[in-house]
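> Output the structure for:
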Amino acid sequence: MGDRWHVEVDRSVCIGSGMCVSTAQGRFSLDSARQSHPTDPEIDANEKVLEAAEGCPVEAITITLLGSGEVVFPPED
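The predicted structure is shown next:
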């Protein structure tokens, strides 16, 4: 069985660029205020979601492992 992730968007940081929506189609959406949110915060590990987090211009997306809370993205300095 593969890893399960918790995906979160910091709406105080999100600028509504829509990069996540176009990169990981169906995994993120923008609300009427142009703020991103995951369509499902608990998912199986997904390369496109990781790519969306890496491509976010303000690093508003955090991915952690379900259960342990270990950070997948952003990498710790």
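
> So, low pLDDT: which residues of the chain?
In the predicted model, the chain carries pLDDT under 70 at residues 1, 77.

> tell me how far stretch 65-77 is from the chain's mean position?
Between the mean C-alpha point of stretch 65-77 and the mean C-alpha point of its chain there is a distance of 12 Å (CA atoms, centre = their mean, to the nearest Å).

> Please disregard the earlier target; I meant stretch 63-77.
Taking CA atoms, centre = their mean, one finds the center of stretch 63-77 at 11 Å from the center of the full chain.

> and that stretch, which residues are buried?
63, 72-73 (16 or more other CB atoms under 10 Å). Every residue, glycine included, has its C-beta placed from N, CA and C.

> quick one, phi/psi of the most centrally placed residue in the chain?
Among the residues of the chain, Ile61 comes closest to the average C-alpha position under CA atoms, centre = their mean, at 4.2 Å. The phi/psi pair for Ile61 (degrees, to the nearest 10) reads phi -100, psi 130.

> Now it. Nearest residue, chain neighbours left out?
When the adjacent residues along the chain are set aside, Ile61 lies closest to Ala53, with 3.9 Å between them (CB to CB, 6 or more residues apart in numbering).

> Torsion angles phi and psi at the one you found?
Torsion angles at Ala53 (phi, psi; degrees, to the nearest 10) stand at phi -60, psi -40.

> give the contact list for it.
Ala53 is in contact with 7, 20, 59, 61-63, 73-74, counting by CB atoms under 8 Å, 6 or more residues apart in numbering.

> Could you pick out which of these are located in strands?
Among those, the members falling in strands (DSSP state E) are 7, 61-63, 73.

> What is the end-to-end distance of stretch 38-48?
Length of stretch 38-48, first residue to last, CA to CA, to the nearest Å: 13 Å.

> in it, what counts as buried?
By 16+ other CB under 10 Å, the buried positions in stretch 38-48 come out as 38, 43, 46.

> List of residues touching that stretch?
Residues from elsewhere that reach stretch 38-48, judged by CB under 8 Å, 6+ apart: 2-9, 23-29, 49, 66, 72.
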